[in-house]
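Undergrad: Okay, here's the prediction I keep looking at, along with the sequence it came from:
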Amino acid sequence: MADLGHWEGLLTEETLPYGFVYKITNLTNNRKYIGKKQCLTLKKRPPLKGKKNRRISEIETDWKSYTSSSKELNEDIIKLGKKSFKFEILFWCKSKSELAYLETLLQFKEEVLLRDDYYNGIINIRLGKVKLSQSIPNL
């Protein structure tokens, strides 16, 4: 079984996907947060001496210890401790566009900006044509 840090979820593939859509639930008051996190990123380095092309390598991000981009949620995690929160991976995604699409779809479906039981304060969206690697379940 793969090491997922504090995240709960099932990683069925041998290689690490591009990223995942997640939900964090505060177990003391049931407030939630829906977000996304990249597992892999590209590191661009200058070309070797005498060469023209940059060297590009894929590296793993800090996803195993990542909590959220929400300041309010992170303050609560520090105050209450990680044991007071449930960190769930909802979808593994193979591309940047699939990751952005599924996060946004879930945020709108759950009406995170209209409800007080969500930490989300913004839906930041920039989408292009999406080719999904999985079928979207009925949300």
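TA: Structure received.
Undergrad: how about the strands of the chain, start to end?
TA: For the chain, applying DSSP state E gives strands covering 19-26, 32-38, 40-45, 55-60, 85-93.
Undergrad: Okay, now the unreliable bits of this protein?
TA: The chain contains residues with pLDDT under 70 at 1, 135-139.
Undergrad: By residue count, which helix of it is the longest?
TA: Secondary structure of the chain per DSSP state H: the longest helix is helix 96-109.
Undergrad: what helices or strands is that helix leaning on?
TA: strand 19-26, strand 32-38, strand 85-93 (3 or more C-beta pairs under 8 Å, 6 or more residues apart in numbering; DSSP states H and E). C-betas here are computed from N, CA, C, even on glycine.
Undergrad: what about that helix, distance to the chain center?
TA: 10 Å (C-alpha atoms, centre = their mean, to the nearest Å).
Undergrad: ok, residues contacting it?
TA: By C-beta atoms under 8 Å, 6 or more residues apart in numbering, the list of residues contacting helix 96-109 from outside reads 18-21, 23, 34-36, 38, 90-91, 93, 113, 120, 123, 125-133, 136, 139.
Undergrad: Please repeat the previous calculation with a cut-off of 6 Å.
TA: Helix 96-109 has contacts (C-beta atoms under 6 Å, 6 or more residues apart in numbering) with 19, 21, 34, 36, 91, 93, 123, 125, 127-128, 130, 132, 139.
Undergrad: I'd like a version of those in TSV, one that adds distance to residue 45 and neighbour count as further columns.
TA: Output for the contacts of helix 96-109, formatted as TSV (distance: C-beta to C-beta, whole Å; neighbours: other C-beta atoms under 10 Å):
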residue	distance to residue 45	neighbour count
19	22	26
21	30	24
34	34	25
36	26	22
91	31	22
93	26	24
123	34	12
125	31	11
127	30	10
128	27	8
130	30	14
132	32	14
139	40	10
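Undergrad: what's the neighbour count on residue 89?
TA: Taking other C-beta atoms under 10 Å as the criterion, the count of residues near residue 89 is 19.
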